[in-house]
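>>> give the three-dimensional model of this entry:
(2 chains)
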2 protein chains.
Amino acid sequence: EILQQIQEFFTATRSLHQESTENEGLLLGKRVLITAGPTREAIDPVRYLSNHSSGKMGFALAAAAAREGAEVTLVAGPCQLSTPAGVRRIDVISANEMHEAVANALAQQDLFIGCAAVADFRPASIAEQKMKKQDGENEMHIALVKNPDILAWVAQQEGAPYCVGFAAETENVEAYARKKLERKGIQMIIANDVSNSDLGFNSDNNAVVAISADSEQHIATNTKAEIAKQLIALISSKL
Amino acid sequence: EILQQIQEFFTATRSLHQESTENEGLLLGKRVLITAGPTREAIDPVRYLSNHSSGKMGFALAAAAAREGAEVTLVAGPCQLSTPAGVRRIDVISANEMHEAVANALAQQDLFIGCAAVADFRPASIAEQKMKKQDGENEMHIALVKNPDILAWVAQQEGAPYCVGFAAETENVEAYARKKLERKGIQMIIANDVSNSDLGFNSDNNAVVAISADSEQHIATNTKAEIAKQLIALISSKL
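Below you'll find the predicted structure:
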């Protein structure tokens, strides 16, 4: 048993070594801007709208890009993850704040990866005081207005970086993703099916298909760290 | 400096000892049911409505009640806190799930503390697939229906336990709290002002006023652990 442990130790050491030498500086000298996590849209001082994005995929991409030598800025919605080594992190709450942070950081970026699950809509107004339930009131409506489309906005800027988006879908995953690629005017979309609760949101694993105008590459189920590494290799080959 | 460290060590040891002997078994043989945290109300498979409750106050109350000898059941909405020693924890997501868990655990409870920030409303229907943004659609409405009022429901049951509620308000704190006490038919309400961002939601500190039909007791700013200890002492004197 001791022998086995020693063997395992050396195997682990070797794979760690392989891991570090496998990084080939694919993004050396490149500037990469990544958004990650959910956004949280205030209804009043205590209530909000949000979504189940954990931020894990975006943080894994930031880590993978940094390991390949990129100068990485990560704009993160509210999520409980530690900042990957060597990554500059900017924390935001709402889609509007994320938009502003991205706009401020966009100059001279070579690559933008919009991995955040930005809320499509936000409450039309934020109540300054906690909204009170009225007696006998059994229904309520929340009026919502559209949030800025950060990814499409980035893609439309002059001298825009190579733009990669994500499409988390529960049905017709590839068809919806391809439409999103065209509608947003971006160069690549990473689609994943979040209807499988073992993958995607909050899971440590994922399985994706990377779609560009002229290619479609499936990446089989793996850890988000490994998927991120493969995606960064794929994307860096396009820059 | 070394002397000071030794002194601090013994002071810390002494206060720890004081802490443990201060617990007087005030709730020995009592059964206590506590709800804590927010609830999360699904809009579709990825989006939800929630609120900023961290669960810290409810978890502190569960810990304090257990230290006073109670048999504690804690029904917790989604929050990232570890279960206090000796407490039986039931995790739930939505208000409906919380209501069901409370109903199942209610028999023979001596005390019910509704500390959870239960969403007043939930989406009228949960979309089975992720809702799609339509082109050109700039506004949206979410129709909401009232959630069960768990606290009022418990208070109305035959042989109901002593019922304590919480009122997190941003204005007219005591007036709103007293109205809530009467409307819900409960025995005590703990009011706190969440407009001060240093206290209440997500903070480790709180300051509250405990209101019953014939008394009003202010508990000054302190850690939630200490506030919980004082509240449990106050409540146990009423049982």
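>>> per-residue pLDDT, the residue nearest to the spatial centre of chain A?
Taking CA atoms, centre = their mean, the centroid of chain A lies closest to A:Cys115, which sits 2.0 Å from it. pLDDT, A:Cys115: 97.
>>> residues in contact with it?
A:34-36, A:57-58, A:61, A:166 (CB atoms under 8 Å, 6 or more residues apart in numbering or on different chains). In this view, the C-beta of every residue, glycine as well, is placed from N, C-alpha and C.
>>> at 6 Å instead, please
The contact partners of A:Cys115, by CB atoms under 6 Å, 6 or more residues apart in numbering or on different chains, come to A:35-36, A:57-58, A:166.
>>> A:Ile43 now?
If you count contacts by CB under 6 Å, 6+ apart, A:Ile43 has them with A:Pro123.
>>> can you tell me how far it is from B:Thr170?
13 Å (CB to CB, to the nearest Å).
>>> now do the strands in chain A.
Assigned by DSSP state E, chain A shows strands spanning A:31-36, A:41-42, A:47-51, A:71-76, A:88-91, A:111-114, A:121-123, A:139-146, A:162-169, A:188-193, A:205-212, A:215-223.
>>> save these as CSV, and put in mean neighbour count too.
Output for the strands of chain A, formatted as CSV (neighbours: other CB atoms under 10 Å in any protein chain shown):
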stretch, mean neighbour count
strand A:31-36, 28
strand A:41-42, 20
strand A:47-51, 23
strand A:71-76, 25
strand A:88-91, 16
strand A:111-114, 27
strand A:121-123, 22
strand A:139-146, 15
strand A:162-169, 23
strand A:188-193, 23
strand A:205-212, 20
strand A:215-223, 13
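>>> okay if I get those strands as a markdown table plus distance to chain B?
Converted to a markdown table, the strands of chain A look like this (distance: least, CB to the nearest CB, whole Å):
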| stretch | distance to chain B |
| --- | --- |
| strand A:31-36 | 15 |
| strand A:41-42 | 9 |
| strand A:47-51 | 5 |
| strand A:71-76 | 17 |
| strand A:88-91 | 15 |
| strand A:111-114 | 15 |
| strand A:121-123 | 5 |
| strand A:139-146 | 4 |
| strand A:162-169 | 6 |
| strand A:188-193 | 11 |
| strand A:205-212 | 15 |
| strand A:215-223 | 19 |
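>>> as CSV, those with distance to A:Ala105 would be great.
Below are these laid out as CSV (distance: least, CB to CB, whole Å):
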stretch, distance to A:Ala105
strand A:31-36, 6
strand A:41-42, 22
strand A:47-51, 23
strand A:71-76, 5
strand A:88-91, 7
strand A:111-114, 10
strand A:121-123, 22
strand A:139-146, 23
strand A:162-169, 14
strand A:188-193, 20
strand A:205-212, 24
strand A:215-223, 27
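>>> what residues does chain A put near chain B?
A:45-47, A:49, A:51-52, A:120-121, A:129-130, A:133, A:138-146, A:170-171 (CB under 6 Å from any CB of the partner chain).
>>> the same query, at a cut-off of 7 Å, please.
Neighbours of chain B within chain A, by CB under 7 Å from any CB of the partner chain: A:45-52, A:80, A:120-121, A:129-130, A:133, A:138-146, A:168-171, A:194-195, A:201.
>>> circling back to that earlier point, can you pick out the most distant pair from the contacts of A:Cys115?
Using CB to CB, the pair of the contacts of A:Cys115 lying farthest apart is A:Thr35 and A:Met57, separated by 11.0 Å.
>>> low-confidence ranges in chain A?
A:1-22, A:129-136, A:196-202 (pLDDT under 70).
>>> now the helices for chain A?
Counting by DSSP state H, one finds helices in chain A at the ranges A:2-22, A:56-67, A:95-105, A:150-156, A:173-184, A:224-236.
>>> helices and strands around the shortest one, which ones?
Put plainly, it is helix A:150-156. helix A:95-105, strand A:111-114, strand A:162-169, helix A:173-184 (3 or more CB pairs under 7 Å, 6 or more residues apart in numbering or on different chains; DSSP states H and E).
>>> out of those, the one nearest A:Arg89 is which?
Across the helices and strands packed on helix A:150-156, closest to A:Arg89 is helix A:95-105 (CB to CB), at 10.4 Å.
>>> got a list of contacts for the closest one?
Applying CB atoms under 7 Å, 6 or more residues apart in numbering or on different chains, the set of residues contacting helix A:95-105 from outside is A:33, A:35, A:39, A:41, A:73, A:75, A:77, A:90, A:92, A:116, A:118-119, A:122, A:147-148, A:150, A:154.
>>> hmm, back to that, adding distance to B:Ser212, write the helices and strands packed on helix A:150-156 out as a markdown table.
Converted to a markdown table, the helices and strands packed on helix A:150-156 look like this (distance: least, CB to CB, whole Å):
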| stretch | distance to B:Ser212 |
| --- | --- |
| helix A:95-105 | 43 |
| strand A:111-114 | 53 |
| strand A:162-169 | 49 |
| helix A:173-184 | 56 |
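>>> ok, A:Pro45 touching B:Ala168?
No. Counting by CB atoms under 7 Å, B:Ala168 is not a contact partner of A:Pro45; they are 9.5 Å apart.
>>> quick check: neighbours shared by the two?
Common neighbours of A:Pro45 and B:Ala168 (CB under 7 Å, 6+ apart) are B:Val194.
>>> about what we covered before: with respect to B:Ile189, which of the strands of chain A lies nearest?
Between B:Ile189 and these, the shortest gap by CB to CB is with strand A:47-51, which sits at 20.3 Å.
>>> chain center to that closest one: distance?
18 Å (CA atoms, centre = their mean, to the nearest Å).
>>> cool, stretch A:62-72 as well?
That offset, for stretch A:62-72, works out to 14 Å (CA atoms, centre = their mean).
>>> which outside residues touch it?
A:23, A:25-28, A:30-32, A:34, A:36, A:74, A:84-88, A:228-229, A:232, A:236.
>>> cutoff 6 Å now
So stretch A:62-72 is contacted by A:23, A:25-28, A:30-32, A:34, A:74, A:84, A:86-87, A:228-229, A:232 (CB under 6 Å, 6+ apart).
>>> tell me the buried residues within these.
A:23, A:26-27, A:30-32, A:34, A:74, A:84, A:87, A:228-229, A:232 (16 or more other CB atoms under 10 Å in any protein chain shown).
>>> quick check: the farthest pair among those?
A:Arg31 and A:Lys229 (19.2 Å).
>>> list just the nearest of the contacts of stretch A:62-72 to B:Arg178.
Of all the contacts of stretch A:62-72, B:Arg178 sits closest to A:Leu74, with 47.4 Å by CB to CB.
>>> wait, doesn't the closest one sit right on A:Arg89?
Yes. At 4.8 Å, A:Leu74 and A:Arg89 qualify as touching, with contact defined as CB atoms under 6 Å.
>>> is A:Phe112 in contact with A:Leu33, as I believe?
Yes. Using CB under 6 Å, A:Phe112 is in contact with A:Leu33, at 5.0 Å.
>>> which neighbours do these two have in common?
Counting by CB under 6 Å, 6+ apart, nothing touches both A:Phe112 and A:Leu33.
>>> how close does the closest residue to A:Ala124 other than its chain neighbours sit to A:Leu74?
Distance criterion CB to CB, 6 or more residues apart in numbering or on different chains; nearest residue to A:Ala124, sequence neighbours excluded, is A:Ala143 at 4.2 Å. Applying CB to CB, the value for A:Ala143 to A:Leu74 is 32 Å.
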